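Engineer: next come a sequence and a model predicted from it.
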Amino acid sequence: MAMNLSSGGGRRRGRGGRRAPMAEINVTPLVDVMLVLLIIFMVTAPLLVTGVPVELPESRANALDQKDEPIEIAIDKDGATFIDGTEVGPGDLPTRLEEIAAAQDAKTPRQIMLRGDTAISYGQMMRVMGELNRAGLNSVSLVTTGSSGEN
């Protein structure tokens, strides 16, 4: 920031007797706030990816556009089932799925994202899909990773 150091002392200038206004903006607080926000985003970005660690199979299909937040059902490598990150026992799965089906709107059903680890058997995945069908939750998508050979 610069100051006007003229040799006139404190005398008046010009016709109106006013000094020329300083039209400089102090940007130091702005830079401080922006750096703090940048640090906050850098720290919280890795925390946004939460859920059950699952090795997903590969697919060449494109991602779907979603309006509502989907319900995520995951099956880990040990065969444990999770609904939105909360573990659900095999006996409790039908009850929880019926509760989800009863809570949703019939006109616009919520999307179910089914994530199955590559280490689980086909039968375990089909058991969960059968329970989804029995509960009336038919809008199911299988979550995969992109093909490794694809650009």
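Structural biologist: Structure received. Numbers count the residues shown, from 1 in each chain.
Engineer: ok, then the element right after the biggest helix by length in the chain?
Structural biologist: Counting residues, the longest helix found in the chain (DSSP state H) is helix 28-44. Toward the C-terminus, helix 28-44 is succeeded by strand 58-59 as the next helix or strand (DSSP states H and E).
Engineer: report the rounded mean pLDDT for that next one.
Structural biologist: What strand 58-59 shows for mean pLDDT is 80.
Engineer: helices of the protein, start to end?
Structural biologist: Under DSSP H, the chain gives helices at 28-44, 93-103, 122-135.
Engineer: adding distance to Gly79 and mean pLDDT, write those out as CSV.
Structural biologist: The C-beta positions use only the backbone N, C-alpha and C, and glycine is treated the same way. Below are the helices of the chain laid out as CSV (distance: least, C-beta to C-beta, whole Å; pLDDT from 0 to 100):
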stretch, distance to Gly79, mean pLDDT
helix 28-44, 32, 93
helix 93-103, 12, 88
helix 122-135, 5, 88
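Engineer: would you reformat those as TSV and include mean neighbour count?
Structural biologist: Below are those laid out as TSV (neighbours: other C-beta atoms under 10 Å):
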stretch	mean neighbour count
helix 28-44	10
helix 93-103	15
helix 122-135	15
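Engineer: who wins for proximity to Asp84 among those?
Structural biologist: helix 93-103 (9.5 Å; C-beta to C-beta).
Engineer: packing partners of that closest one?
Structural biologist: With contacts defined as 3 or more C-beta pairs under 8 Å, 6 or more residues apart in numbering; DSSP states H and E, helix 93-103 has these neighbours: strand 81-83, helix 122-135.
Engineer: got a markdown table for the ones you listed, with distance to Asp68 too?
Structural biologist: A markdown table is the format used below for the helices and strands packed on helix 93-103 (distance: least, C-beta to C-beta, whole Å):
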| stretch | distance to Asp68 |
| --- | --- |
| strand 81-83 | 16 |
| helix 122-135 | 17 |
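Engineer: quick check: the residue lying closest to Leu93 once chain neighbours are set aside vs Tyr122, distance?
Structural biologist: In space, and not counting its chain neighbours, Leu93 is closest to Glu131: 5.4 Å by C-beta to C-beta, 6 or more residues apart in numbering. With distances taken as C-beta to C-beta, to the nearest Å, Glu131 is found 15 Å from Tyr122.
Engineer: now do Arg115
Structural biologist: Distance of Arg115 to Tyr122, computed by C-beta to C-beta: 15 Å.
Engineer: thank you, goodbye.
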